[in-house]
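Just a sequence and a predicted model for now, questions to come.
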Amino acid sequence: MTFLPLRQFAAVAILAMPLASARSYPSVSIRNMTSRAVTVVVSYRGCRSDKFSVPASTRSAGGAVVAGVATAPGRRGACLVSGVSATYANSQPVVTSFASQGTSYGAYTIEGTTTVRVWSDHERAELAKKP
């Protein structure tokens, strides 16, 4: 096995950085359609999790629901999402989490009344196509 001298290793690492950033995924964004704020934990395969709060939805002057929105505070890089869980301050109702072996999806929605679930926006779009 051959090892690169430190200078060559540093040069290769610097040249490879643009390639790594080109494969970066956008930060995870969560829309909360429920009337209460939630705490969200986004889990990534092989990477550190993000934990943050997402505000409750509000109503516009015309009565339309306006989602509470928040974006994960950390840089996601090339990490795939393996789960998104949400909890209310008093833990009720229980929110069904999103789970995956690892996905590049970055947009999620929390919605429901008595049964609340975290959906990837991709899942929601696929369900909308079904008759």
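Okay, I see it. Here the structure is a predicted model, which means the values were calculated and not measured.

Could you tell me which residues make contact with the residue most central in space within the chain?
Centre of the chain computed as the mean C-alpha position; nearest residue by CA atoms, centre = their mean is residue 28, 3.3 Å away. Contacts for residue 28 were tallied using CB atoms under 8 Å, 6 or more residues apart in numbering; they are 42, 50, 71, 72, 76, 81, 84, 106, 107, 108. From N, CA and C alone the C-beta is placed, and that goes for glycine too.

The second one contacts residue 71, correct?
I take that to be residue 50. No. With contact taken as CB atoms under 8 Å, residue 50 and residue 71 are classed as non-touching, separated by 9.4 Å.

ok, which stretches of the chain are strands?
Defined through DSSP state E, the strands belonging to the chain, from first to last, are 29-32, 38-44, 47-54, 58-59, 65-66, 68-71, 81-87, 95-96, 98-103, 107-112, 116-120.

Now do the longest one against strand 81-87: the angle between them, please.
Taking axes from the mean of the first three to the mean of the last three CA atoms, to 10 degrees, one finds that strand 47-54 is oriented at 30 degrees with respect to strand 81-87.
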